[in-house]
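Asker: Sequence plus predicted model, see below.
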Amino acid sequence: MKYYPVFLDVKGRSCLVVGGGQVGARKAVGLAKAHARVRVVSLEFSAKLVETESICLVKKPFEVSDLEGISLVFAATDSKTLNSKIRKAAQTAGILCNVVDGKDKGDFILPSVVEQGDLLVAVSTCGASPAMARKLRKELEEMLVPEYGEALILLANIRKKMLAQGHDPQGHRQKLNALVEADLAGLIARGDMAEIDAVLAQTMGDDFTFDRLSAPRPNKEV
């Protein structure tokens, strides 16, 4: 294994993207979605960046001082020489850096991601074949329908209630495992509210009540 897989909590952290083109925009928007404090340094900015109010745009050339207080940096310019300079400056400062081109990809790479609510599935080929990673992501997108995200909200709500009520950890795991195996996503997709209630009652017990954070959608007309 060439890379250590990890999901980073960048909420509130200062992240720098150098390069305001389409690639830099994708990196910056992704960081902004994760609630990072994003600053983009470039001489030009894509329309996507200009439209995203939560991203700070700084129109100027990159300087090493731009790295002060930064947690992550992305070298996303169209100049390999400049990207290499950014990478070396980040290494000196002890900051993790991603490089968008060339053989040196920096300290980390970004996987292809399938996202359904709080469900995130990351696919990486460790840089060997981005095309293969994209293919696998598309296959997963077809399999992981939006209802998986809705089922996850339901499970998270139940787990939160169980923790608050001080349920036995072993029984807690067994019940949640049983709910996962009950295909809640499929029941939600069919809008089968009665069956969902039956599964919950059978698994959790009739005395277990909670406020649903996400209600199954009604059956679609054929």
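Answerer: Right, received. Where do you want to start?
Asker: contacting residues around Gly24?
Answerer: Applying C-beta atoms under 8 Å, 6 or more residues apart in numbering, we find Gly24 in contact with Val17, Val18, Val40, Ser42, Ser46, Leu49, Phe74, Ala76, Thr77, Val100. C-beta: built from backbone N, CA, C; applies to glycine.
Asker: Quick check: buried residues in whichever strand or helix holds it?
Answerer: Assessed by DSSP states H and E, Gly24 sits inside helix 22-33. For helix 22-33, the neighbour count (16 or more other C-beta atoms under 10 Å) marks Val23, Gly24, Ala25, Arg26, Lys27, Ala28, Val29, Gly30, Leu31, Ala32 as buried.
Asker: Could you do stretch 177-184 as well?
Answerer: Those would be Leu179, Ala182, Leu184, for stretch 177-184 by 16+ other C-beta under 10 Å.
Asker: what do you get for stretch 153-162?
Answerer: So, applying 16+ other C-beta under 10 Å, buried residues of stretch 153-162: Ile153, Leu154, Ile158, Arg159, Met162.
Asker: Model confidence score at the nearest residue to Leu140 once chain neighbours are set aside, please.
Answerer: Nearest non-adjacent residue to Leu140, counting by C-beta to C-beta, 6 or more residues apart in numbering: Val114, 4.5 Å away. Listed pLDDT for Val114 reads 91.
Asker: Check the buried residues of helix 22-33 against Ala128 and report the nearest one.
Answerer: Among the buried residues of helix 22-33, Val23 lies closest to Ala128 (C-beta to C-beta), at 19.8 Å.
Asker: can you tell me how far that closest one sits from Lys138?
Answerer: 20 Å (C-beta to C-beta, to the nearest Å).
Asker: Output the lowest mean pLDDT helix or strand found in this protein.
Answerer: helix 169-181 (a mean of 81; mean pLDDT, DSSP states H and E).
Asker: what ranges do the strands span in the protein?
Answerer: Secondary structure of the chain (DSSP state E): strands at 14-18, 37-42, 56-59, 72-75, 96-99, 112-116, 119-123.
Asker: Just say which of those is most tucked in.
Answerer: Per residue and on average, the most neighbours among those fall to strand 72-75, with a mean of 28 (mean count of other C-beta atoms under 10 Å).
Asker: Give me the contact list for that one.
Answerer: Here strand 72-75 has contacts from 8, 10, 13, 15-19, 24, 27-28, 31, 36, 67, 82-84, 86-87, 90, 95-100, 106, using C-beta under 8 Å, 6+ apart.
Asker: what lines up beside it in the sheet?
Answerer: When pairing is defined by DSSP bridges, strand 72-75 lines up against strand 14-18 (parallel), strand 96-99 (parallel).
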